[in-house]
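Visitor: coords please:
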Amino acid sequence: VPFRKYTGCLGRTPPAKEFKMSQGRWPVKSAKILLGLLKNAESNAEFKNLDTETLTITHIQVSMAQQGRRRTFRAHGRVNAYMNCPCHVEMLLEEKEESV
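Guide: Below you'll find the model as predicted:
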């Protein structure tokens, strides 16, 4: 996957040349989460008596969510912020009409 926006401290890799970029990675954790969302959408479609073989993704959007705030304690009595960056994933699936 080519990285276009967050390219700081990111190494270069030859497979990114396919996208005319030099920096890229393989985001394993994000891919696992998206596969879990797809499995969840498939089970929801089965529950609603939809044909899971003809489902197509019509819209997918990832937007930022509110950050969680914690703190971590450092040496010499100091305290630093320890924040996470969650996101909202919106995915729409529709049954594709078969052409006769």
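Visitor: surely L34 is in a helix?
Guide: Yes: applying DSSP: H, G, I helix; E, B strand; the rest coil, one finds L34 inside a helix.
Visitor: pLDDT score assigned to it?
Guide: pLDDT for L34: 92.
Visitor: for the nearest residue to it once chain neighbours are set aside, the count of nearby residues, please.
Guide: Nearest residue to L34, sequence neighbours excluded (Cβ to Cβ, 6 or more residues apart in numbering): V89, at 7.5 Å. The C-beta positions use only the backbone N, C-alpha and C, and glycine is treated the same way. When neighbours are defined as other Cβ atoms under 10 Å, V89 has 13 of them.
Visitor: who are the contact partners of V89?
Guide: I33, L34, L37, I60, Q61, V62 (Cβ atoms under 8 Å, 6 or more residues apart in numbering).
Visitor: residue contacts, the fifth one?
Guide: Spelled out, that is Q61. Counting by Cβ under 8 Å, 6+ apart, Q61 makes contact with V89, E90, M91.
Visitor: hey, what's the first one bridged with?
Guide: Looking back up the chat, that one is V89. V62 (DSSP bridges).
Visitor: any figure for the gap between it and S63?
Guide: Distance of V89 to S63, given as Cβ to Cβ, to the nearest Å: 8 Å.
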